[in-house]
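Chemist: Mind looking at a prediction? Sequence and model below.
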Amino acid sequence: MNIKHNGGSNHGLNFLIGTSKFLSAAALLMLAVLALSGPSAILAKAEGTQKANGNQSQVKLEKRTPTYWRVTINNPPFNIFGPETIPQFEKVISAIESDDNVKVVVFDSAVPDFFLTHYNFTPPLAESTGLASGPTGLHPLPDMLVRLSKSPVVSISLIRGRATGVGSELALASDMRFASREKAILSQWEVGAALVPGGGPMARLPRLMGRGRALEVLLGSNDVDGDLAEKYGYVNRSLPDDELDKFVDALATRISGFDRQAIADTKRLVDFASLPSDPEIGAGWDAFITSVQRPAAQANIKKLMEMGLQTNPDIEGRLGYYTETLQEK
Amino acid sequence: MNIKHNGGSNHGLNFLIGTSKFLSAAALLMLAVLALSGPSAILAKAEGTQKANGNQSQVKLEKRTPTYWRVTINNPPFNIFGPETIPQFEKVISAIESDDNVKVVVFDSAVPDFFLTHYNFTPPLAESTGLASGPTGLHPLPDMLVRLSKSPVVSISLIRGRATGVGSELALASDMRFASREKAILSQWEVGAALVPGGGPMARLPRLMGRGRALEVLLGSNDVDGDLAEKYGYVNRSLPDDELDKFVDALATRISGFDRQAIADTKRLVDFASLPSDPEIGAGWDAFITSVQRPAAQANIKKLMEMGLQTNPDIEGRLGYYTETLQEK
Amino acid sequence: MNIKHNGGSNHGLNFLIGTSKFLSAAALLMLAVLALSGPSAILAKAEGTQKANGNQSQVKLEKRTPTYWRVTINNPPFNIFGPETIPQFEKVISAIESDDNVKVVVFDSAVPDFFLTHYNFTPPLAESTGLASGPTGLHPLPDMLVRLSKSPVVSISLIRGRATGVGSELALASDMRFASREKAILSQWEVGAALVPGGGPMARLPRLMGRGRALEVLLGSNDVDGDLAEKYGYVNRSLPDDELDKFVDALATRISGFDRQAIADTKRLVDFASLPSDPEIGAGWDAFITSVQRPAAQANIKKLMEMGLQTNPDIEGRLGYYTETLQEK
């Protein structure tokens, strides 16, 4: 595809950069967003895929008991996180915050091979970036993650399949993470596509696994399997796939029987010792938005879309491998 | 047992809460303390158990050499930490602080199956809460732990058997921890009984093992065996039980031969990088005192005492299991 | 050797301490430095060893590609880091900082059994301590390490053989560390010789592996093999020796193909979350300089030199063992 230097809805980043000095920050962001919408052929194809699930709820909340909830992500075939997911997800976070009984929330996936993966590059991103800031003052995506971490409710990510990008960031914002030893893949793939991750992993990973391993995960941008995720502390533990559900359910049930106030007061002090500040998370989001506007990221996303990102299961399934092939093209 | 709504020495928390608005904070604390004294039948039984060891030293200090000391906890049958233990333990900490030769102190237990466990719920807690603050300005229990961590002397916990509550907190306040792979059990059981832990684990655990695993230990409140304790970094290492004593003795002997000033200067800079502040530890203690006054905690402690806490080896030995059964009663 | 109480170039620390109140701090440092020059017999022997490589470059920079560099340490037989190494190493750090293309630098060794080891005790240390402070205001040795960590370029230490003292500190200042499972030995041996480590490990180790394991490494001062280094997070991973080179090369090649700006922006935020401040590193250097002036350190270095430090492969190869024998002499 050639990058067209005009104002059409399918323009590339070159145009954006050429005119940026004449544009307000808001307009600039809007253009960056439009620039991400990708080539029309791929767009149509992907929209077809997405539309099948467009009006359905992608985030299902089940109250197993008044104190133990399940949030199941269901946006087949890849559990891509798009602008339309944000308000659905925010509703769940608000429900967690305002309910007086819930003590534990488990996040899992209804889609085989995917827990939750990267941001959706096909629909206009303005649908999400146009949203007002959340209660923390941050963009709604990092806002939701920050609120989840600070909530008095205990959050547990049950990871089966790929947790990449937003998927990894949701897991990291959860209080605990348990992975399928055989079927979990975690990654922050962004640097491999010339992006900076936006949902907080620069703040959260070094506090969890130390600087060296955090830099390997972030700058290596490669797929991390269940064994390595446990060894590095990316997850609390990796369990044999056929034991994972039972283990997480038993832990969640156990905690849901404990005293809500004792949980909240204990967690608050752990928060003090371990949570990054909101401005630190905000700086990561800003770095992501800036990175998205650069030609290198635009070119890489275009290449990946042409290769089959968001349509080809092999691309989505081996993202760490395919980002490395970008440099040869 | 019925909770009696009068001023007798065996009243429960309902009375406490009903009158709390008319009482000073000091009186409130005293009542909370009295409220913890439990049903008289159990009290008598437990006092009998405790009295056997009442006037004996529970904390034995042996100077193996002028530079290498051993502190052995000996309060059978469960190594419960009670108000009478505090001044005994404080004497040891003061001795460590004021001696010019000691370089290494190893903490171990003379009681099979127990390193050191939870606070004693039978004698009036006023015996401990009535004590004046320590040099740090904190209550004497967190005060001693904070002083141990900051001491220029190297402290090592040798953990065989259960290290729960104060036992886990002593281990965490020590500079290093080595556990028996087969016979060590670590836990912070408090949230399982509607309590908040008071001796610093909300501050220390996330700095040691990361937020996710710390929250699992604290909010899961379950027993952690030697393998998992090593995997999570709860201890430095777990060793086969028949190698543990030799290993710790060799390490302590080794360090006791090194230069005292080099040890102190090196440790001081590690302290700067890794110790929580005293107010952070103080906040944890305050949260514990508050939690103790709540009906949920009072009810759980009463249930546990009736089940055989402090008298039945099976309850003390499987505390993680029994806290989960509380919600069914 | 008798310690002579005169102003000759080979005086010991007793003299230094006796006159210290009459000397300026600068003169004191110079004397400490001279005091380290050791007994003349050993000096001559060691100088012979060192001179063979004296005018050769000990630090070789190879640009495998414009974006992927290798820095190979080559100062046989032990890869001792001496005053003459500092400007050579600084040149490499400056090149990394000023080049517009480099994205990844791998540090490795050309000397069998040694990655990089302790400071050279034979030549007058004034050659290094006389050097002006670096751009950070710190002494050039900690200055270089601090600059490496903050550089937008990704640094990886490939550790085969011994990484002790400066060797361990270079590895810790690198962004990532990979070790040979069979052939790597890491250690901070200083406390075993009555020294305080000067290149930052009190700041870096607890942030990497937690307080307890960091104190064990620093105060135990013992050799750490590949398995334990991985378990403690001293290195990212230990790999079978015959897979190590291929693994590191693949990772470095991979990252060198990614976008330079995305790497730099991502790393900067990890830096914020994980790097100690310069003054904290400076405090460690000051503690080292102070420790070097003490009689205990002087005596230990003298004993070690007589035993064969810097000349006998068995002493250099089993430093953890030999420091423990010092106390018996």
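Modeler: Structure's in. What do you need?
Chemist: Provide a list of residue ranges in the stretch 51-200 of chain A with pLDDT below threshold.
Modeler: For the stretch 51-200 of chain A, residues meeting the criterion pLDDT under 70 lie at A:51-56, A:123, A:125, A:128.
Chemist: For it, what lies in contact range of chain C?
Modeler: A:190-192, A:194-197 (CB under 8 Å from any CB of the partner chain). Yep, even glycine has a C-beta here, placed from its N, CA and C like the rest.
Chemist: now, which of those residues sits nearest chain C?
Modeler: Distance to chain C, by CB to the nearest CB, is smallest for A:A194 among those, at 3.5 Å.
Chemist: near chain B, which residues of chain A show up?
Modeler: Near chain B, when you scan chain A using CB under 8 Å from any CB, you find A:154, A:174-177, A:207-209, A:230, A:233, A:235-237, A:251, A:254-255, A:257-259, A:261-263, A:265-267, A:269-270, A:272-275.
Chemist: and these, which are buried?
Modeler: Among the residues of chain A next to chain B, those classed as buried by 16 or more other CB atoms under 10 Å in any protein chain shown are A:154, A:174-177, A:207-209, A:230, A:233, A:235-237, A:251, A:254-255, A:257-259, A:261-263, A:265-267, A:269-270, A:273-275.
Chemist: quick one, what contacts A:G257?
Modeler: A:67, B:324, B:326-327 (CB atoms under 8 Å, 6 or more residues apart in numbering or on different chains).
Chemist: Ramachandran angles for it?
Modeler: The phi/psi pair for A:G257 (degrees, to the nearest 10) reads phi -90, psi -10.
Chemist: try A:I73
Modeler: Dihedral angles (degrees, to the nearest 10) for A:I73: phi -90, psi 130.
Chemist: who touches the helix or strand harbouring A:I281?
Modeler: In the assignment (DSSP states H and E), A:I281 maps to helix A:278-292. Helix A:278-292 has contacts (CB under 8 Å, 6+ apart) with A:29, A:32, A:36, A:129, A:136-139, A:141-142, A:145-146, A:190, A:194-203, A:297-298, C:261-262, C:265-266, C:269, C:272-273.
Chemist: hmm, 6 Å instead?
Modeler: For helix A:278-292, the surrounding residues in contact (CB atoms under 6 Å, 6 or more residues apart in numbering or on different chains) are A:32, A:136, A:138-139, A:142, A:146, A:195-196, A:198, A:200, A:202-203, A:297, C:262, C:265, C:269.
Chemist: what's the next secondary structure element after it?
Modeler: helix A:295-307.
Chemist: Mind checking if that following helix is in reach of chain C?
Modeler: Yes: if you take CB under 6 Å from any CB of the partner chain as the test, helix A:295-307 does meet chain C, through A:A296.
Chemist: For the stretch 101-250 of chain A, just list every one of the helices.
Modeler: Remark: helices assigned in the stretch 101-250 of chain A by DSSP state H, counting those that start in this stretch are A:126-129, A:140-150, A:166-173, A:201-209, A:211-220, A:226-232, A:241-256.
Chemist: is it true that A:E324 touches C:R254?
Modeler: Yes: here A:E324 reaches C:R254: they are 5.4 Å apart, a contact under CB atoms under 6 Å.
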